[in-house]
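**Student:** structure, please.
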Amino acid sequence: MSLEGVMRVSGSALAAHTVWLDTVASNLANSEVVGGSAGDVYRSRQPVFATMVEPFGSRKGAVGVQVEGIVEAGPPGRKEYSPHHGMADDEGYIYHSNVNPVEEMANMIAASRAYQNSVEVMNTAKQLLVQTLSIGR
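**Tutor:** Numbers count the residues shown, from 1 in each chain. Here you go, the predicted model:
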């Protein structure tokens, strides 16, 4: 793979990891949200990634990663009887978000490390390119 290809793959990975980090931040910001029905309450969201493939002659090669979308994930949120709460439904229940802050913190660490790895790949490719160019001097 060329250095240009390495930069393209790393750049697409940086964009994907940014979406992942943004999704984690949104989940953490909404982890304490309650609603008046199971359908109204915030549900954990997760990005869906896919490999971008480009044909190279008779075989295909990976050229990056893309975000296919963001989906709601996980089990339903917790239902709690709280008849005096302002968001309670007709039966007196409120519904909590299904976001688990501990899992989201682990996701944030994983996404942050993946982002850092992609930056390191780009820096290494840049250094190799500079060294290659300095050979001709």
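
**Student:** hey, where'd the strands end up in this structure?
**Tutor:** 34-35, 45-56, 59-72, 79-81, 93-96 (DSSP state E).

**Student:** what lines up beside the longest one in the sheet?
**Tutor:** Strand pairing for strand 59-72, determined by DSSP bridges: strand 45-56 (antiparallel).

**Student:** ok, residues contacting the partner strand?
**Tutor:** 12, 16, 19-20, 23, 26-27, 60-73 (C-beta atoms under 8 Å, 6 or more residues apart in numbering). Placement of C-beta: from N, CA and C, glycine included.

**Student:** again with stretch 84-97
**Tutor:** Taking C-beta under 8 Å, 6+ apart as the rule, stretch 84-97 contacts 30-38, 40-44, 77-83.

**Student:** name only those of the residues you listed that count as buried.
**Tutor:** Buried subset of those (neighbour count, 16 or more other C-beta atoms under 10 Å): Ser31, Val33, Val34, Gly35, Gly36, Val41, Tyr42, Arg43, Ser44, Gly77.

**Student:** tell me which residue is most central in this protein.
**Tutor:** Residue closest to the mean C-alpha point of the chain, counted by C-alpha atoms, centre = their mean, is Trp20 at 1.6 Å.
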